[in-house]
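J.: pasted the sequence and its predicted model underneath.
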Amino acid sequence: MHIEVFVLAWGCVLALVHIFAAATLRTKQYGSDWNAGPRDEEMPPPNPTVGRLTRAQANFFETFPLVVAAVAGLGIMGIHTHWTAIGAHLWLFARVAYLPLYVWGVKYVRSAAFMVSLAGIVIMLWPLLFALHG
């Protein structure tokens, strides 16, 4: 298995962590009746941790499709280099760091982790863009 696919699989695990962390704390705040119900009623604002987990989850799912597309493109084109592996690792490690940084409310470092994850995506996309023009 190519490392980019391995990293993508761990990205899927991280996606599940995002989903269940936010859902668990949201259910803790609003109750299991709310969770099991249709959620039609207006609820009070989430507590800060629930809000941060929900926003971190949304942020993850804004960029995760780009990673899926990059890894798929690399696989289709048969491009697997030292640099694409570095890009994949940068993305994953930065996204793993991003979640607790967001939950703890760490300014700037959280943004830096996000930028590192974007750099990882760009590193993976670079050979695809070059291959299309080469």
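T.: Received the coordinates, thanks.
J.: please name the nearest non-neighbouring residue to residue 51.
T.: Excluding its sequence neighbours, the residue lying closest to residue 51 (CB to CB, 6 or more residues apart in numbering) is residue 45, at 7.2 Å. Where C-beta positions appear, they are placed from N, C-alpha and C, glycine not excepted.
J.: just say helix, strand or coil for the one you found.
T.: Secondary structure assignment for residue 45 (DSSP: H, G, I helix; E, B strand; the rest coil): coil.
J.: ok, it to residue 30 distance?
T.: Here the criterion is CB to CB, to the nearest Å. By it, residue 45 lies 11 Å from residue 30.
J.: more crowded one of those two?
T.: Taking other CB atoms under 10 Å, residue 45 and residue 30 do not tie; residue 30 has more neighbours (17 against 8).
J.: ok, residue 95 - how many residues close by?
T.: With other CB under 10 Å as criterion, residue 95 counts 25.
J.: what's near enough to touch it?
T.: Neighbouring residues of residue 95 by CB atoms under 8 Å, 6 or more residues apart in numbering: 11, 14, 60, 113, 117.
J.: how about residue 54?
T.: Here residue 54 is in contact with 22, 26, 46 (CB under 8 Å, 6+ apart).
J.: one more pass at 10 Å, please.
T.: By CB atoms under 10 Å, 6 or more residues apart in numbering, the contact set of residue 54 is 18, 21, 22, 23, 25, 26, 46.
J.: restricted to helices, list those.
T.: Those of the contacts of residue 54 mapping onto helices are 18, 21, 22, 23, 25, 26, per DSSP state H.
J.: need the buried ones from those residues selected in ChimeraX.
T.: Buried residues within the ones in helices among the contacts of residue 54, by 16 or more other CB atoms under 10 Å, are selected in ChimeraX with:
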select :18,21,22,25,26
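J.: for the nearest residue to residue 93 once chain neighbours are set aside, give me its contacts.
T.: Spatially, and ignoring its direct neighbours in sequence, residue 93 is nearest to residue 116 (7.9 Å; CB to CB, 6+ apart). Contacts for residue 116 (CB under 10 Å, 6+ apart) come out as 90, 91, 93, 94, 95, 97, 98.
J.: may I ask which helix or strand encompasses residue 116?
T.: Counting by DSSP states H and E, the element that carries residue 116 is helix 109-133.
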